[in-house]
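*Asks:* Got a predicted model here, sequence first, then my questions.
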Amino acid sequence: MSELKPFVVLAAGGTGGHIFPAEALARELLGRGYKVALITDRRGSVFGSDLLVPIYRIRARALTGGVWGKIRSVIEMGVGFLQARWHLSQLRPMVVVGFGGYPSVPTLYAASQLKIPIILHEQNAILGRANHALMKKARIIATSFPQVQGLDAPDDVRLVCTGNPVRPAFVALRAKPYAGLDENGPFKILVLGGSLGARVFSSVVPRALGLLPEHLRRRIVLAQQCRPENIESARAAFAAAGLDAELSTFFHDVPERMAESHLVIGRAGGSTIAELTVVGRPSILVPYAGGHVGEQTANAEALAEAGGAWLIPEQAFTPESLSIRLESLMVLPSSLTKTAAAARTWGKVGAVDSLADCVAALVKSSTSFLGI
């Protein structure tokens, strides 16, 4: 048994907020000599191409829509459960790690039936619905925030605040110091809005910059992620404001861009918070108002209370309010430096190591499982 590589299965939803922490853990476990596989839905197909990690896709569907939509969701999740159970029976992992998202639910329920030890990782400051449904079946719940709303785990479940694992490129840039804003130098702004950009940023940011005094506007150097359907209108709006912004539907070098920025404007997903705080960059956070339980607002509040960001609710995120905020930061750049330092202090650079240690602890205590 000692000569065999421990085998771990990761279960995650197909969005970046779930996949990126799973990817970071996979890299760490592979480096420790583990075998790793991922079970996800069809959206997770981008994962594993660089790591050569086997991917097993199952059926899954969010519980949304009318009566027939909910019936279809139940059927899809049931099929996904059977698929996941079959995969786990063949793979025989020693531990399954769940990263949230509805596609993780069938795999984790199957793992609990097969008596495979489960670790849940929660990326947000409010426990997600998938993890909430499964927390009583977990051996360890790893959190990204010191306080997590909705977490009422049984006494026999171990709670560990590991932080949220980020990709190695972000960790490598932690050593790059924050370049304070010179009084008359360029003000580098990076605008991110999730995997496809956010419509509200394409609407508000160009108009906000257009309201700045000309001597401040000339100093702006901006790169912004836009949704495909918004990019041309955003480009026209920036041109009308006299700005030559760099716009793209996707940036492949976000870590480097973040490290070079004086300010990041973005949403407040768990991965975004972790990346900002590991690199140590100040941000204006505009939580996604359509979140299931307000998790992005809770995330942004936690970092803002620590002094590492400024929170602007989406309903208050207007060209006027953003313009006033940007002008104040350019006039008093020391607040940017102070906020960058607070963000960096708040970040947990060793999150992936801590989470991998949790996996190792369960592997050590479980040499096999029964029930298959």
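*Replies:* Thanks, I have the structure now. Residues are numbered from 1 along each chain as shown.

*Asks:* pLDDT weak spots in the stretch 201-350 of the chain?
*Replies:* Confidence mapping of the stretch 201-350 of the chain against pLDDT under 70 gives the ranges 291-293.

*Asks:* For it, which segments are assigned as strands?
*Replies:* Remark: strands assigned in the stretch 201-350 of the chain by DSSP state E, counting those that start in this stretch are 220-225, 246-248, 263-266, 283-285, 310-311.

*Asks:* Take those and write them to TSV, including distance to Ala26 and mean neighbour count.
*Replies:* Quick note: C-beta positions are derived from backbone N, CA and C, even for glycine. Shown next, in TSV, are those (distance: least, C-beta to C-beta, whole Å; neighbours: other C-beta atoms under 10 Å):
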stretch	distance to Ala26	mean neighbour count
strand 220-225	25	21
strand 246-248	27	15
strand 263-266	25	24
strand 283-285	27	26
strand 310-311	32	19
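
*Asks:* For Arg257, which of those strands is the nearest?
*Replies:* Shortest distance between Arg257 and the strands of the stretch 201-350 of the chain, using C-beta to C-beta, is found for strand 220-225: 6.1 Å.

*Asks:* Okay, now the sheet partners of the closest one, with direction.
*Replies:* Applying DSSP bridges, strand 220-225 is found paired with strand 187-191 (parallel), strand 246-248 (parallel).

*Asks:* Need the contact partners of the last one.
*Replies:* It stands for strand 246-248. For strand 246-248, the surrounding residues in contact (C-beta atoms under 8 Å, 6 or more residues apart in numbering) are 222-226, 231, 234-235, 238.

*Asks:* Would you reformat the residues you listed as TSV and include distance to Ser203?
*Replies:* Compiled in TSV, the contacts of strand 246-248 are given as follows (distance: C-beta to C-beta, whole Å):
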residue	distance to Ser203
Leu222	15
Ala223	17
Gln224	12
Gln225	14
Cys226	10
Ile231	12
Ala234	8
Arg235	13
Phe238	12
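
*Asks:* Arg92: which of the residues you listed is nearest?
*Replies:* Distances from Arg92 to those, taken by C-beta to C-beta, are shortest for Gln225, at 41.3 Å.

*Asks:* give the contact list for that closest one.
*Replies:* Remark: with contacts taken as C-beta under 8 Å, 6+ apart, Gln225 is in contact with 191-193, 196-197, 201, 247-251.

*Asks:* So what pairs up with it in the strands?
*Replies:* Beta-bridge partners, per DSSP bridges, of Gln225: Ser248.

*Asks:* what about it, distance to Gly270?
*Replies:* Per C-beta to C-beta, to the nearest Å, Gln225 is found 18 Å from Gly270.

*Asks:* Any idea how many residues pack against Ala342?
*Replies:* Neighbour count of Ala342, defined by other C-beta atoms under 10 Å: 19.

*Asks:* now it: how far from Ser271?
*Replies:* According to C-beta to C-beta, Ala342 stands 19 Å off from Ser271.

*Asks:* likewise Phe317?
*Replies:* Distance from Phe317 to Ser271, by C-beta to C-beta: 21 Å.

*Asks:* Then Ala239?
*Replies:* 32 Å.

*Asks:* Would you map the helices across the stretch 251-372 of the chain?
*Replies:* Listed in chain order, the helices found in the stretch 251-372 of the chain under DSSP state H, counting those that start in this stretch are 254-260, 270-279, 295-305, 319-331, 334-346, 351-365.

*Asks:* follow-up on the earlier one: mind checking which of Phe317 and Ser271 has more residues around it?
*Replies:* Counted by other C-beta under 10 Å, Phe317 and Ser271 do not tie: Ser271 has more neighbours, with 25 against 22.

*Asks:* ok, the more buried one touching Val166?
*Replies:* Yes: the pair Ser271 / Val166 is scored as a contact, 7.0 Å apart, by C-beta atoms under 8 Å.

*Asks:* give the contact list for Ile118.
*Replies:* Ile118 makes contact with 95-98, 108, 111-112, 134, 137-140, according to C-beta under 8 Å, 6+ apart.

*Asks:* Turn the residues you listed into TSV, columns for secondary structure, neighbour count and distance to Gly128.
*Replies:* Formatted as TSV, those follow (DSSP: H, G, I helix; E, B strand; the rest coil; neighbours: other C-beta atoms under 10 Å; distance: C-beta to C-beta, whole Å):
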residue	secondary structure	neighbour count	distance to Gly128
Val95	strand	27	20
Val96	strand	29	17
Val97	strand	33	15
Gly98	strand	29	10
Leu108	helix	28	12
Ala111	helix	27	17
Ser112	helix	17	17
Leu134	helix	22	10
Lys137	helix	17	15
Ala138	coil	26	13
Arg139	coil	18	18
Ile140	strand	22	16
